[in-house]
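Participant: structure for this input, please:
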Amino acid sequence: MRVRILQIVTVIAALGVWEVVARMGWVDPLFVPAPSAVAPALLKIGRGALAGLADTLGKTAVAYVLSVVLGVSAGVAVGSIRLLREVLSPYVIAFYGIPKILVLPWIVLLLGYGTTPAVFYGVLHGFFPIMVLVMGAVRDVDRTLVAVARSLGATTWQLYWKVLLPAIVPSVLGGMRLGVVFCLLGVLVVEMFAGVRGMGHVLGSYANGFQAPELFAATALVSAASIAIVLALDHLNDRLSRWRG
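Facilitator: Model (predicted):
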């Protein structure tokens with residue numbers, strides 16, 4: 001309870017400082033409006049922003065599911081098979097390190113505008129962090145556990161289910177928390193630069209129109225949704241930690 005109270009007090013204090021700074025004229029209200037101006041804007045953008053957010057979250061959900069399935073599968077496969085790991089690891093690290101914004105024009109050129117490029121770019125953003133974390137976790141599993149399981153007659157399926165998966169649960173959950181943020185980022189980027197709807201398109205419209213209160217309000221909606229998703233994944237992490245134990 002003390003921690004929660006301190007967190008709430010911190011947020012209120014930050015909003016208070018922001019309000020004072022804006023009212024004192026230390027920042028240009030055209031670019032940084034006061035919280036008292038953002039709150040009415042939140043009601044003003046209302047239904048349109050919520051519809052855009054729902055559209056963005058729908059695309060993000062599809063991209064996220066694909067990223068998790070592909071990233072975990074590829075990470076387990078590459079991490080557990082030594083030949084694959086030695087051959088593919090340099091390529092995986094290289095692709096992970098490339099700024100994804102460089103391939104955005106090619107994605108738009110090939111896939112056009114709309115939902116498909118947003119989902120594909122979201123998957124591209126979320127896939128590599130998940131795969132790299134899972135691949136490293138599989139590689140670092142205690143080989144003594146594997147040897148003991150094999151000596152007790154464990155099948156390949158039992159080895160994966162009883163030893164490997166419980167051992168990599170923290171890394172998988174860590175990758176999932178990173179992946180959802182990266183997927184959301186990828187979808188928003190495409191909506192801003194090559195979208196016709198969605199929250200990224202809404203944010204871009206407000207920015208281009210110099211509607212700072214509405215822009216801050218829409219940004220707050222996206223941030224709140226992202227925080228809620230990460231907190232839900234933290235709750236899932238707690239549940240799976242009990243299963244792992």
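
Participant: low-confidence ranges in this structure?
Facilitator: Residue ranges of the chain with pLDDT under 70: 195, 240-245.

Participant: ok, now which ones touch the residue nearest the centre of it?
Facilitator: The centre of the chain sits closest to residue 181, judged by Cα atoms, centre = their mean, with a distance of 1.4 Å. Neighbouring residues of residue 181 by Cβ atoms under 8 Å, 6 or more residues apart in numbering: 226, 230. Quick note: C-beta positions are derived from backbone N, CA and C, even for glycine.

Participant: measure it to residue 59 for me?
Facilitator: Computed as Cβ to Cβ, to the nearest Å, the residue 181 to residue 59 distance reads 15 Å.

Participant: picking up where we left off before, quick check: phi and psi at the residue nearest to the centre of the chain.
Facilitator: Note on residue 181: its backbone torsions stand at phi -70, psi -40 [degrees, to the nearest 10].

Participant: okay, now residue 169: neighbour count?
Facilitator: By other Cβ atoms under 10 Å, 16 other residues sit near residue 169.

Participant: tell me which element it falls in.
Facilitator: Assessed by DSSP states H and E, residue 169 sits inside helix 165-194.

Participant: report the buried residues of that helix.
Facilitator: Buried residues in helix 165-194, defined by neighbour count with 16 or more other Cβ atoms under 10 Å: 165, 167-169, 171-194.

Participant: do stretch 13-26 as well
Facilitator: Quick answer for stretch 13-26 (16+ other Cβ under 10 Å): 18, 22.

Participant: same deal with stretch 204-216?
Facilitator: Neighbour-count burial for stretch 204-216 flags 204-206, 211-216 (criterion: 16+ other Cβ under 10 Å).

Participant: output these as a markdown table; include the columns secondary structure and distance to residue 99.
Facilitator: Converted to a markdown table, the buried residues of stretch 204-216 look like this (DSSP: H, G, I helix; E, B strand; the rest coil; distance: Cβ to Cβ, whole Å):
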| residue | secondary structure | distance to residue 99 |
| --- | --- | --- |
| 204 | helix | 20 |
| 205 | helix | 25 |
| 206 | helix | 26 |
| 211 | coil | 29 |
| 212 | helix | 28 |
| 213 | helix | 32 |
| 214 | helix | 30 |
| 215 | helix | 25 |
| 216 | helix | 27 |
